[in-house]
Each structure stands twice: as C-alpha cells, then as structure tokens.
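Engineer: pasting the sequence and the predicted model now:
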Amino acid sequence: MRHLLSTADLSHTQALSILDTAEEMAAVSTREVKKLPTLRGRTVVNLFFEDSTRTRISFEAAAKRLSADVMNFSAKGSSVSKGESLKDTVQTLEAIGADAIVMRHWASGAAAQLAGSGWTDCAVINAGDGTHEHPTQALLDALTLRRGWSAAHGADPRGTDLTGMRVLIVGDILHSRVARSNIWLLRTLGADVGLVAPATLLPVGVEKWPVSVYYSLDEALGSGPEAGPDAIMMLRVQAERMGGAYFPTAAEYTRRWGLTDERLARLAAHRGAAGQRPMILHPGPMNRGVEISAAAADSPMNQVLDQVSHGVSVRMAVLHLLLSSSERNTA
Amino acid sequence: MSDTPTAATLILGARPYGEAPLDVLIRDGRIAALGEAARAQAEQLKAEQPEQVSTVEAEGLIMLPGMVDLHTHLREPGREDAETVETGSRAAARGGFTAVHAMANSSPVADSAGVVEQVHRLGRASGWTEVYPVGAVTVGLAGERLAELGAMAESSAQVRMFSDDGMCVHNPVLMRRALEYVKTVDGFIAQHAQEPLLTEGAQMNEGDVSAILGLPGWPAVAEESIIARDVLLAQHVGSRLHICHVSTAGSVEIIRWAKERGIDVTAEVTPHHLLLTDELVRGYDPVYKVNPPLRTGADVEALRAGLADGTIDIIGTDHAPHPTQAKECEWSAAAMGMTGLETALPVVIKTMINTGLMDWRRFAEVTSIAPARIYRHAHQGRPLELGEPANLILVDAEATQTVDPDGHASKGRNSPFRGMELPGAVRATFLHGHPVVLDGELNTPLAEAAAGAAGSSQVRP
C-alpha cells in the first residue's frame, strides 16, 4: 500500500491489517509514555484546504506519537488563497522534505489526482475529499464497531471482521464522504449495511450499491427486540441542505429521520444476537436536537468519544504502514 | 483575377467516397477534369508550363469532400493563450476541415457586427480553412435580450448561424423570439441544450459513476427537457433549429420523434461522445471534463445508431482548447472542453466506419454535405464532380496513428485521446484547389486574393 485514497481500494486483508495495527497503537496510547520511535526523522504534512480542526489534530497527534515531525499547512492564510495551484503547493512541500501528505480538500478526487499526478513521491493520505471519501473516518468507525461486536461475542478483536453485523447509516448520504467510505469498508468487512434518508439525499444510482435503502427510519429500526440494527450511524445534517432545498424544514427532518428520544427508547430495547445493546455512532460534530436528541447524544450506547480516540489509533496505524513500508528514504 | 497562372494539381488513383479509383485534375479552385481527360489536360498544361502542374500520387487513398465543422471554439478574441484563429485554422486544415464555424463565446462575445467581422477577417488572413463566425443569440451570452442578429447577418461576415453555445438560451420566451427573429435573416439557432437549474454545480453525468465519485451529477433530463421544449417551439413558429452536441439516448429519441412529425430540426454529435464514457472520470483526470459530460455506454450506442440512421445529421467537433493550467488542477476547478479538430476523422472512422455502421458516402454526408446544407453554403459539401469547387481531402483509411497532442497544430493539449491508437489519417486537404495540407503536414495557406474570388458568393440565396 503506497497511499490511502479510498476504502473501495482496500482488500479484506489490508483492512484487517490496518485495524489490527490500530489495536497495537491503541495499547501505546494507554501507556504512560505515549510515544513510539517508528517515524523518527520522517516528516508528515497536514495539508488542509478546508477547515477541520478535529481531523487535523487527530492526524497531528497520531504522527507525533510515532515521533514524526509534523507541519500544518492550512490553505486559509497561505499562498493557496492567493491562487497557487495544488501542483505548486505540493511540489513546494516536497521540496521542504515531506514524506507523507495528509490532505483534506474541498474537491472530490483531489487526493487521487495528487497520488496519480507524478507531482510528488510522497505517500498521500486522503483526509476527506469533497463529497467523495474519508477513509480514515470509516476505519475508525470500523475499529469502534469491531470492538463492540467482538466484545459481545467474547472474542479478541484482532483478526476478526464484522460478518453478520447490521449497521444503519442515517442522513445525508448524497453529500457524505463518511457514508461512502463506510459503505465500501463495512461491506468488505462482511457487515450488512442499510441506508436511511429522504430520497433527495440519496444519490441517483444508489440502487446498484450493495446496501438496503430505507426512506423511513422507523421501518429501518424494525419492530420487535430482535429486528433492530446492531449499530446506527447518524450523519450530520448541514445547514445549507435545509430550507426547502432537500427537505422542507429541520423540524420535519427531525421528526422523520432524527434519533429522537422515542426512537432511542426503541433502540435501547433491541438486543443483538449475543444479547448486546446497539451502538450509536456519529462522526461529529453533532447537531443536538436535529439529527440526534440530547439524550441519544449522551446515552451510554453512544460511542462518539471512543470514535475520537480510535481515530488517533487508526491514523497511527495508517502512517506507520505507509511510511515504514516505503523504501524511499531508507538510504 | 490574378496575373500569375493558377497552379493545377493532378491527383492520381484516389478513390472518391472509397469507390472506384478516378484521376482528378484540380485547376482554378475547381475540379477541372476527371479520369482520362484529367491526365490529358495535365499533360497539355505541363507542356506549356511545367512548373505549374504538380502531381499527387494517391493510390489507395480515399477522396472526400472537405469536412465542415459547425462547432469550433477558436478562442480569439480574448483567449489567445488557448487558441487563435491562425492556430485553430491550422488544426482544422490538418484535421481535414475546409470550413469551421467559430462559436461566439470569445471575449468580447461575438454579439456584434464588429466582433464577427474581426473573426471573419482573421480567418481569411490565415488562409488554412474557411472561418465563419457564429453570432451570439443574446447580448453577452447572458440569456436576457437578443443581440443584433440583423447587423451580424448584414455584416461582411454574413452570419447565418446564431448560438449562445456554452450557455443555454433557457428562457422559453426568449428562445421563441430568437427562433422567430432568425427567420427574417434566413438564419437558424443552434441550441446548447442544458437546463441551468438542473445542472447547477454539475460536474459529470449523473448516474452510477457520479454516485460513487461524489461529484455533483448532470442529469440527462437537463438536456432532454430543453430539446423537447425547443422542437415544439420550432414547430410552433416554423423556424429552423439545430441541436448542438446531443449526448444522451433520450435526446436521440426526442429528435427522432420530432423529425417524424416534420419539425425542421437538425442535430449534431461530437466525436468524443461517440467513443468515450463516464467510466473515464473515475481517475478524476480533468482532460475528460466536458460540457455536455461524457455519458454511459448505452448513450454512446444510441448516438452511433442515431448518426447511422439519420436521426443525427452531422458531426460537430466542439473543439475546445484550453491552456494547460486550466486542466492541471482539481476536477471541480477545471475548465470544460476537449480539443477535437485533429482527431475527429480518426474517431469517426473508428466508431462508425470500422464498426460497419456507415459507409464513406454517409461519412461524407455527416462530416461535410449535411453541415454545409444546414448553413446553406454554396461551395462547401459539394459532390466530387466536374466543375464543383475543389474543397476536398485525401484520407488514408489504412493508416493508424497514436494520438500525440504535443504534435498538434492546435495550441490545446487537452485531447482525451492522448496515447490512443486510432485508424485513418488525413494525407491532403485542398482549399479552393490549393493544397493547404500535403503528405499529412501543413503546406502553405491559401492567398487571401484567391479566397476572396472563390468565396465571393459564399451563402446560397
């Protein structure tokens, strides 16, 4: 693996390798000295063309725990806003001595273009490109789901996948890079995936995806304690989708697709095959009162803080696997 | 006429329309003799003025009427970094075009007599091909009020074709008025069919691939709904409508329906829409970004069938050169368009001739005769017969070449066919009898005086 651009490119073996490495990295994070010397002398650049403090500091923490040098390059307040091309920016970073570029970009495909362009020899990690993919988010979600799924079955998570797990993804699928990355990865790991959204927020062509599609969250939650999902992932609803463009009002969205207190109660009554409660995931930041009620946000079923800490472990694993396997700077 | 004796060319052994070989003598801008008589006259001329008669050995080559492109972007005035009338004309000649029609989206827009006369004059000065400016339908292509179509029609450029190409004349009332008004100047409207609200921010064909790539989709219905509306408007007001770059199977169906009802509509397809699909977008290389977008394999099949059965009338290149930096960037920031003049003939051979969908007669029809008829050119798209204007090309259909945009005469390097092996090559292009291309390379341009003589009655009354 030279770059991490998309979860659609990941084989089952590669996905498990990242998740298992992330488990090792998680162990480091619980030690008193949270640092490994693996990437000493290597330079990781966080190149962010879009604001995302959460993702950036997660990558920064991951790189630093592996002893890499980290540079943060934000498009705002840099020469990019004066009209420098992506090509020139990246070549500048390479000349400075970057070994890996972690890129968040507003344009779908920007990471793939960078990796395929010949503009740089750096390893490219996609930290979210437009409405395309956000692979490390999906990997941290998978790590979280696998922890819960294996714990319910009394197994060590390492080496296992998500076969048989039922996961619902609820919200703006059309514009969500998190949803796309999760769908491909969860399917690769053997989970059953259901999408729940108004038809306006599902892409044309979704009927060919390897998922079930529901317009009704109530229908997707099923009836009876055995029928429900093992996990539900609530996506953030962007303010610009409201006001009649994709759905009439935020209130109508909440009534039909929000994880309300009533739906939380139904969810809490579900028991999985091993007797476990369903997990609630959210990529953050949450819109309390819109797609998720305060009670659901604060519920013990909610994994959102575990997701954040798993984010660091997964990003350590990705940096470790991409940079320590590359032979470019070994001489 | 000029004092110097006019050069004559004897073309030996070429096969008109790919049929039986026939020797052809070109003299004074016309086909002066055929067969036995061509050789005899050439001998006689050689005896008198040996230096004035050249011979082209053309055994195995196919002779066709010079191609006519109703859809070319020459970028001048305003974007001379992308293309000029001179470089675009050279590309046209190399591609086998003896006439091109320069779309109005220059800067300033060709929405006045002054700009169309400038483009026309630049074309005549370059002398590699005939250049006809297309006039804008609306001022500044803004879709708000009609440009002075009458002034452009009466100018020295004698504009007959009006288009806001790049933008759709989306206001239905304005489109109706435009269709009516062009009747008074014996012109026609070429519509870029794209409903703007349905394609806001659109980046690629909406479908299976856009769903995965996370690029905002460009639905087929945005094109088809405008075509459906406009054929009905054309019928209602009894005017002539041409549909630019048809790209979907549904559009072909609507045009077929309209023609069956006797509506005066013609349609065009680009070479790239006959060959390429949206699967190519998966790598996010902006060289594949184009308006209308590359569609699906089913659309490609329908377009080929429509061109073969006459539903689609012509090939239009939509040659759209861009400077490198406009394509060397993020997909959503990249410019739309691809070059096409120098690859049109090979792509049509590959998709239509080598597939058995059409013969060389039909090839001549869709690349030359029909576009000339739509514009009502008197001297382009003419039969390869005695006395006809010598706007013609020689094609080696057996040749194959690997497309190398760096070797193109166009300034644009944005060819989606880069590296592709394509059949067929233009060996010679004759413009008013003058070889502007010989042995597959640019020769010399036509002197302006000769162009003036030959093109003096350029539009049929």
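Structural biologist: That came through, no problem.

Engineer: what number of residues are in the vicinity of residue 266?
Structural biologist: No chain was given, so I picked chain A. The number of residues packed near residue A:266 is 16, by other CB atoms under 10 Å in any protein chain shown. (Each C-beta comes from the backbone N, C-alpha and C, glycine too.)

Engineer: wait, chain B
Structural biologist: Counted with other CB under 10 Å, residue B:266 comes out at 20.

Engineer: can I assume it sits in a strand?
Structural biologist: Yes. Membership of residue B:266 in a strand is supported by DSSP: H, G, I helix; E, B strand; the rest coil.

Engineer: ok, now which ones touch it?
Structural biologist: B:240-243, B:313-314, B:370, B:374 (CB atoms under 8 Å, 6 or more residues apart in numbering or on different chains).

Engineer: can you spell out the domain ranges of chain B, please?
Structural biologist: B:8-63+B:387-401+B:418-454, B:66-375 (automatic domain parsing).

Engineer: need the contact list for residue B:246.
Structural biologist: B:193, B:223, B:227, B:252, B:255, B:267-269, B:273, B:303, B:306, B:312.

Engineer: where does it land in three-state SS?
Structural biologist: coil.

Engineer: what backbone torsions are found at it?
Structural biologist: With angles defined as degrees, to the nearest 10, residue B:246 sits at phi -60, psi 130.

Engineer: same check on the one 3 residues further on?
Structural biologist: In terms of degrees, to the nearest 10, the main-chain angles of residue B:249 are phi -60, psi -40.

Engineer: again with residue A:48
Structural biologist: Per degrees, to the nearest 10, the backbone of residue A:48 is at phi -120, psi 110.

Engineer: hey, what's it bridged with?
Structural biologist: Per DSSP bridges, residues listed as beta-bridge partners of residue A:48: residue A:74, residue A:104.

Engineer: from chain B, how far out is it?
Structural biologist: Per CB to the nearest CB, to the nearest Å, residue A:48 is found 15 Å from chain B.

Engineer: list the contacts of that residue.
Structural biologist: Neighbours of residue A:48 in contact, by CB under 8 Å, 6+ apart: A:56, A:72-75, A:103-104, A:127.

Engineer: again, only using 10 Å
Structural biologist: A:55-56, A:59, A:72-76, A:78, A:80, A:102-105, A:127-128 (CB atoms under 10 Å, 6 or more residues apart in numbering or on different chains).

Engineer: flag the shaky bits of chain A, pLDDT-wise.
Structural biologist: Residue ranges of chain A with pLDDT under 70: A:76-82, A:224-226, A:243-244, A:325-331.

Engineer: show me where it has its strands.
Structural biologist: A:43-48, A:69-74, A:100-105, A:123-129, A:166-170, A:192-196, A:212-214, A:231-234, A:279-281 (DSSP state E).

Engineer: which residue lies nearest the spatial centre of chain B?
Structural biologist: Geometric centre of chain B, nearest residue: residue B:69, 1.7 Å, by CA atoms, centre = their mean.

Engineer: so how far is whichever helix or strand that one is part of off the chain centroid?
Structural biologist: Taking DSSP states H and E as the criterion, residue B:69 maps to strand B:67-72. Remark: strand B:67-72 is offset 2 Å from the chain centroid, using CA atoms, centre = their mean, to the nearest Å.

Engineer: now tabulate the contacts of residue B:266 in JSON lines and tack on distance to residue A:203, pLDDT and neighbour count.
Structural biologist: Listed next are the contacts of residue B:266 as JSON lines, based on distance: CB to CB, whole Å; pLDDT from 0 to 100; neighbours: other CB atoms under 10 Å in any protein chain shown:
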{"residue": "B:240", "distance to residue A:203": "39", "pLDDT": "97", "neighbour count": "21"}
{"residue": "B:241", "distance to residue A:203": "33", "pLDDT": "98", "neighbour count": "26"}
{"residue": "B:242", "distance to residue A:203": "34", "pLDDT": "98", "neighbour count": "26"}
{"residue": "B:243", "distance to residue A:203": "28", "pLDDT": "98", "neighbour count": "28"}
{"residue": "B:313", "distance to residue A:203": "35", "pLDDT": "98", "neighbour count": "26"}
{"residue": "B:314", "distance to residue A:203": "35", "pLDDT": "98", "neighbour count": "26"}
{"residue": "B:370", "distance to residue A:203": "39", "pLDDT": "98", "neighbour count": "22"}
{"residue": "B:374", "distance to residue A:203": "39", "pLDDT": "98", "neighbour count": "22"}
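
Engineer: from the residues you listed, which land in helices?
Structural biologist: B:370, B:374 (DSSP state H).

Engineer: tell me which two of the contacts of residue B:266 sit farthest apart.
Structural biologist: Across those, no pair lies farther apart than B:241 and B:370, at 14.9 Å, counting by CB to CB.

Engineer: can you list the residue ranges for helices in the stretch 1-150 of chain A?
Structural biologist: For the stretch 1-150 of chain A, the helices defined by DSSP state H, counting those that start in this stretch occupy A:12-29, A:53-65, A:86-96, A:110-116, A:135-152.

Engineer: quick check, distance from the second one to the centre of its chain.
Structural biologist: Centroid displacement of helix A:53-65 relative to its chain, using CA atoms, centre = their mean, is 14 Å.

Engineer: how about stretch A:248-259?
Structural biologist: 24 Å.

Engineer: kindly report the same for stretch B:310-329.
Structural biologist: 10 Å.

Engineer: list the buried ones in it?
Structural biologist: Neighbour counts over stretch B:310-329 (16 or more other CB atoms under 10 Å in any protein chain shown) mark B:311-323, B:326-329 as buried.

Engineer: now, which of these lie close to chain A?
Structural biologist: With the criterion set as CB under 10 Å from any CB of the partner chain, the members of the buried residues of stretch B:310-329 near chain A are B:328-329.

Engineer: re the thing from before, mind exporting the C-alpha coordinates of the strand holding residue B:69 to CSV?
Structural biologist: Taking C-alpha atoms only, strand B:67-72 is exported to CSV below (Å, rounded to 0.1, in the frame of the first residue of the first chain):
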residue,chain,number,x,y,z
MET,B,67,-15.1,18.4,-43.8
VAL,B,68,-17.3,21.2,-42.4
ASP,B,69,-17.4,21.8,-38.7
LEU,B,70,-20.4,23.8,-37.4
HIS,B,71,-19.0,23.8,-33.9
THR,B,72,-15.5,25.1,-33.2
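
Engineer: can you select the buried ones from the contacts of residue A:48 in PyMOL?
Structural biologist: The PyMOL selection below is limited to those of these classed as buried (16+ other CB under 10 Å):
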select buried, chain A and resi 55+56+59+73+74+75+80+102+103+104+105+127+128
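
Engineer: now, which of the contacts of residue A:48 sits nearest chain B?
Structural biologist: Of all the contacts of residue A:48, residue A:105 has the smallest distance to chain B: 7.1 Å, by CB to the nearest CB.

Engineer: got the contact list for that closest one?
Structural biologist: Applying CB under 10 Å, 6+ apart, the residues near residue A:105 are A:47-50, A:75, A:86, A:111, A:113-114, A:126-130, A:132, B:330, B:332.

Engineer: from these, which would you call buried?
Structural biologist: For those, buried by 16+ other CB under 10 Å: A:47-50, A:75, A:86, A:111, A:113-114, A:126-130, A:132, B:330, B:332.

Engineer: point out the residues in the stretch 151-300 of chain A that sit beside chain B.
Structural biologist: So the stretch 151-300 of chain A meets chain B at A:173-177, A:179-180, A:183-184, A:202-209 (CB under 10 Å from any CB).

Engineer: which of those residues are buried?
Structural biologist: A:173-177, A:179-180, A:183-184, A:202-203, A:206, A:209.

Engineer: so which of those residues sit within helices?
Structural biologist: A:177, A:179-180, A:183-184.

Engineer: which residues touch whichever residue of the stretch 51-200 of chain A sits closest to chain B?
Structural biologist: At 3.1 Å from chain B, residue A:109 is the closest residue in the stretch 51-200 of chain A, using CB to the nearest CB. Residues near residue A:109 by CB under 10 Å, 6+ apart: A:5-6, A:116, A:126, A:129-130, A:132-133, B:203, B:213-215, B:281-286, B:330-332.
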